[in-house]
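Visitor: Need a 3D model of the sequence below.
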Amino acid sequence: MDLKMQGRVAVITGPAKGMGAAITRAFAAEGVDLALFGRDTDAIAPVAEEARAMGRRVEVVRCDVTDAAAVEREVGIVAATFGRIDILVNVAGGTGPIGKTGAETSPEEFDEIVSLNMGGSFHMIRAVAPVMQRQRYGKIVNVGGTFGMRGKAGRLAYSSSKWGLRGLTKSFALELGGDNINVNCVAPGMVDGPRFRTKVVPEMARRLGISEDEAAQRHADDYALKRVSTDEDIASATLFLASDLARQITGVDIPVDGGWAAL
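Guide: Numbers count the residues shown, from 1 in each chain. Below is the predicted model:
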């Protein structure tokens, strides 16, 4: 399907692997030129080359999204280089402590994940918004998580950061809507990939004394559609929200989880 995104310019954070890489490939396939932000530019290089092979213009930008001054500087350079920024996708994030109660989570652990998952998106939007306001056009998509919609024991810091990202999304949607800028949030559930296969599934298998295949199926059985999401599922939802097909959608959280958080 032609989403009529050819020639648009997108800034994507966290593009090196997993859903970030899938989103980058999906945007490149739709004809979008790219500025790829991350701390490890060597890790970004392979996906950048894939996008270039599709005929896209790609700039790889070394930037720590938790550093507000660095974000503002690099966004300014990207805007000058490309002449515009049409799309921002905030993928960069972390998991925080796993299996710790709130009382067991240290202030440092809490601050670190909130600074990355919320603060990083805040800095990026704050820097990109003036460019989009001058254009009177923009699409911003934040990648949240379903633990920010239902909560999760043992993941307090992560869950809190994703709940906060929802509030950030809705507030910016209200503030920027008059400038023809849409701000939305995609909330992945469990996503099939290396972490799921090498950490989540084996841990459940050990805990319950079952095979890894049985553990993977138990996860799938939690969802209405009886399957675990893929990186490409997240990329498709992100593409939709970044396209003009979603011109009248703003301030929403869309769970992409096979039917778990909303059911």
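Visitor: in the sheet, who's paired with the closest residue to A10 other than its chain neighbours?
Guide: Closest residue to A10 apart from its sequence neighbours, by CB to CB, 6 or more residues apart in numbering: I87 at 3.8 Å. In short, each C-beta sits where N, CA and C put it, glycine included. In this entry, I87 is beta-bridged to A10, K139, by DSSP bridges.
Visitor: who's in contact with S243?
Guide: Counting by CB atoms under 8 Å, 6 or more residues apart in numbering, S243 makes contact with 3-5, 139.
Visitor: pull the longest helix from the chain.
Guide: Residue-count comparison of every helix in the chain, with assignments taken from DSSP state H, identifies helix 156-176 as the longest.
Visitor: buried stuff in that helix?
Guide: 156-166, 168-170, 172-173, 176 (16 or more other CB atoms under 10 Å).
Visitor: Domain ranges for the chain, per the record?
Guide: Each domain of the chain is listed here as a residue range: 9-191+230-256, 192-228, per automatic domain parsing.
Visitor: average pLDDT across the first one?
Guide: Average pLDDT, domain 9-191+230-256: 96.
Visitor: start to end distance for it?
Guide: The first and final residues of domain 9-191+230-256 sit 25 Å from each other (CA to CA, to the nearest Å).
Visitor: How far off centre is that domain?
Guide: Distance, stretch centre to chain centre, for domain 9-191+230-256: 4 Å (CA atoms, centre = their mean, to the nearest Å).
Visitor: Please tell me how far the residue nearest to A10 sits from G96.
Guide: As judged by CB to CB, to the nearest Å, I87 and G96 stand 27 Å apart.
Visitor: more neighbours, these two?
Guide: The residue with the greater number of neighbours, taking I87 and G96 and applying other CB atoms under 10 Å, is I87; the counts read 26 against 22.
Visitor: That one and T169, how far apart?
Guide: Counting by CB to CB - I87 and T169 are separated by 15 Å.
Visitor: Ok, K4 next?
Guide: From K4 across to T169, the span is 24 Å (CB to CB).
Visitor: can you check L176 too?
Guide: Using CB to CB, we find L176 at a distance of 11 Å from T169.
Visitor: what's the overlap in contacts for those two?
Guide: With contacts taken as CB under 8 Å, 6+ apart, L176 and T169 have V183 as neighbours in common.
Visitor: Determine the longest strand present in the protein.
Guide: Within the chain, and with DSSP state E defining each element, the longest strand by residue count is strand 181-188.
Visitor: now that strand and helix 156-176, what's the angle there?
Guide: Our comparison of strand 181-188 with helix 156-176, counting by axes from the mean of the first three to the mean of the last three CA atoms, to 10 degrees, yields an angle of 160 degrees.
Visitor: show me the contacts for N142.
Guide: Taking CB under 8 Å, 6+ apart as the contact definition, N142 lies against 90, 121, 165, 168-169, 183-186.
Visitor: Pull the number of nearby residues for A220.
Guide: Burial of A220, expressed as a neighbour count using other CB under 10 Å, amounts to 14.
Visitor: Quick one: residues contacting it.
Guide: A220 sits next to 226-228, 258 when contact means CB under 8 Å, 6+ apart.
Visitor: Columns distance to V200 and neighbour count on top of the residues you listed, output as JSON lines?
Guide: Compiled in JSON lines, these are given as follows (distance: CB to CB, whole Å; neighbours: other CB atoms under 10 Å):
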{"residue": "K226", "distance to V200": "17", "neighbour count": "11"}
{"residue": "R227", "distance to V200": "15", "neighbour count": "15"}
{"residue": "V228", "distance to V200": "10", "neighbour count": "22"}
{"residue": "G258", "distance to V200": "15", "neighbour count": "20"}
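Visitor: So which of those is the closest to I210?
Guide: Of all the contacts of A220, the one sitting nearest I210 is V228; the distance, using CB to CB, is 16.5 Å.
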